[in-house]
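**Q** give me coordinates for this.
(2 chains)
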Amino acid sequence: MFGSVSDLEIEAQIPALRRFARSLARNPDDADELVQDTLLQALSRWRQLRRPESVRAWLFQILFNFHRTRGRGRQRDLARFTDEDGADHPDPSGDPAQGLHLGDALSALARLPQDQRVALELVAMEDMTYEEVAKVTEVPIGTVMSRLSRARERLRTELEGGNVTRLRRLK
Amino acid sequence: MTPGSRPIGDDDIQAFIDGRLAPARQREVEAFLASEPALQSRAEQFRADAQALRAAAQLRRPEPIPASLRLSEVRRRRTARTAAFHRRLAAGICIFALGAVLGMALPRQKAEPPTARPQMTDAVVAFRAFAGRAGDAVEVPAAQTAALKRMMSHHLRQDVAIPDLSGLGLVFRGGRLLASDEGPGGMFVYDEPAGGQVALYVKTLASPRKAALASRQDGDLVAYFWFTGELGYAVLGPSGAPAVRRAAEQLSGTP
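**A** Model (predicted):
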């Protein structure tokens, strides 16, 4: 059980865990607290891990569970992505049009309902398999597929609605 | 679409967008989309959105992991937490053990006073309650000696004789049934020449024991007592009356 999963394998997931946590939590401090609790839980639950190849999904699942149990009723912070990535980190490619589009995609993503957003984020940005997403969010794979479908439709609507730029100016 | 293959579903479209179809299925979906231009452009758009999201994610500079999230640090904190838990657990066990020891020790201390209680206290109490007052002392008067003897023997479940102590100048007045510390008991009351009362107290014993004549002083009272195995006896009377001790010696067979 333990021998097959090294500290290194876990630590390799920490950046991804922090990304995921930041998309869920209200601020970076809360996010890192989520990650810390996740690691703590992971260390005390080593034995529950059957298949070493799902280390990432297992860690994400713990984190998402923590978020759900403690974050109920918390308002999503619409600006968290643009705060982190839009204004502070200009597009290094130097193409402002492209940079704007990427920022728009992120802020549109942030406006999706959580279930849809998490599904799309894990698939498109974290490159998780549908099975892994089903495990992380603890729903059947069919639910993952339909959330994904609705997420894409909704994202498109947000992007085509043209209110993205206005929102960004307001913040 | 080759006949006999599964119809294209939304999950196929999603997997197509994410580029996760097996090559054969990929071709089938592509063929399907080719015949549905609106759907195709939608799917291409979705694919571009996903790429934009991925690109945006990759734009974020990798931040250094804070020390608090290092596994070694998390593990150290967990160990500290476990140690703290164990300390609290140990403290709890100590308190429990202390309570257990006290719980066992204290009742034992409490149990001691009854054993330390002077013997035949019940006799002294009974004598003070009844014999001291001439009128109340006797339930069954001397005139009904036979009835008293019968009652007493029945009450104590022993054959009890009413001793004749007239040789010591004691005049039998009567007797009464009592409840003692250890079971059924009774008392025979005699008048002594000085005007006081002397009583022979007898009780059944909860735990049979034998003991030679002993005495105790209680205020102006003296009690001589002995145990014969089945019964406990006491002769009680005023400290100054010599008949008390002589009666006790005579009845207990002590020279």
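**Q** what are the ranges of the strands in the stretch 151-255 of chain B?
**A** Counting by DSSP state E, counting those that start in this stretch, the stretch 151-255 of chain B has strands at residues B:171-179, B:184-191, B:197-218, B:221-238.
**Q** and residue B:17, what does it touch?
**A** By C-beta atoms under 8 Å, 6 or more residues apart in numbering or on different chains, the residues touching residue B:17 are A:152, B:43, B:46, B:47, B:50. Backbone N, C-alpha and C define where each C-beta goes, glycine included.
**Q** including secondary structure, neighbour count and pLDDT, could those go into CSV?
**A** Shown next, in CSV, are those (DSSP: H, G, I helix; E, B strand; the rest coil; neighbours: other C-beta atoms under 10 Å in any protein chain shown; pLDDT from 0 to 100):
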residue, secondary structure, neighbour count, pLDDT
A:152, helix, 26, 93
B:43, helix, 19, 93
B:46, helix, 24, 92
B:47, helix, 16, 92
B:50, helix, 21, 91
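**Q** spatially, which residue comes closest to residue 126, not counting chain neighbours?
**A** Here I'm looking at chain A. Spatial nearest neighbour of residue A:126, excluding adjacent residues (C-beta to C-beta, 6 or more residues apart in numbering or on different chains): residue A:16 at 6.1 Å.
**Q** the chain in question should be chain B.
**A** Per C-beta to C-beta, 6+ apart, closest to residue B:126 is residue B:178, 5.3 Å.
**Q** can you check residue A:154 too?
**A** Nearest to residue A:154 is residue A:112, by C-beta to C-beta, 6+ apart, at 5.4 Å.
**Q** again with residue B:161
**A** In this structure, residue B:161 finds its nearest non-sequential neighbour in residue B:149, 7.2 Å apart by C-beta to C-beta, 6+ apart.
**Q** neighbouring contacts of stretch A:35-44?
**A** A:10, A:14, A:17-18, A:21, A:58-59, A:62-63, A:66, B:68-69, B:71, B:74-75, B:77-78.
**Q** now, the residues you listed that are in strands?
**A** Among the contacts of stretch A:35-44, no member falls in strands (DSSP state E).
**Q** and chain A, what are its domains?
**A** In terms of domains, chain A is parsed into A:7-70, A:80-170 (source: automatic domain parsing).
**Q** export those to a markdown table and append columns for distance to residue B:220.
**A** Putting the domains of chain A into a markdown table (distance: least, C-beta to C-beta, whole Å) gives the following:
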| stretch | distance to residue B:220 |
| --- | --- |
| domain A:7-70 | 78 |
| domain A:80-170 | 90 |
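**Q** where among those is average confidence lowest?
**A** Ranked by mean pLDDT, these bottom out at domain A:80-170, with a mean of 75.
**Q** residues near residue 140, how many?
**A** Reading this off chain A. Neighbour count for residue A:140, taken as other C-beta atoms under 10 Å in any protein chain shown: 10.
**Q** I was thinking of chain B, sorry if that wasn't clear
**A** Neighbours of residue B:140 (other C-beta under 10 Å): 19.
**Q** likewise for residue B:7?
**A** By the criterion of other C-beta under 10 Å, residue B:7 has 8 neighbours.
**Q** pLDDT score for it?
**A** Looking at residue B:7, its pLDDT reads 87.
**Q** burial of the residue nearest to residue B:126, as a residue count?
**A** Residues near residue B:178, counting by other C-beta under 10 Å: 20.
**Q** what of residue B:99?
**A** 10.
**Q** for residue B:14, same thing?
**A** 24.
**Q** how about it, what does it touch?
**A** For residue B:14, the contacting residues are A:145, A:148, A:149, A:152, by C-beta under 8 Å, 6+ apart.
**Q** so where do the helices sit in the stretch 1-150 of chain B?
**A** Counting by DSSP state H, counting those that start in this stretch, the segments of the stretch 1-150 of chain B that form helices are B:10-17, B:23-34, B:37-59, B:71-116, B:121-126, B:145-156.
**Q** perfect, that will be all.
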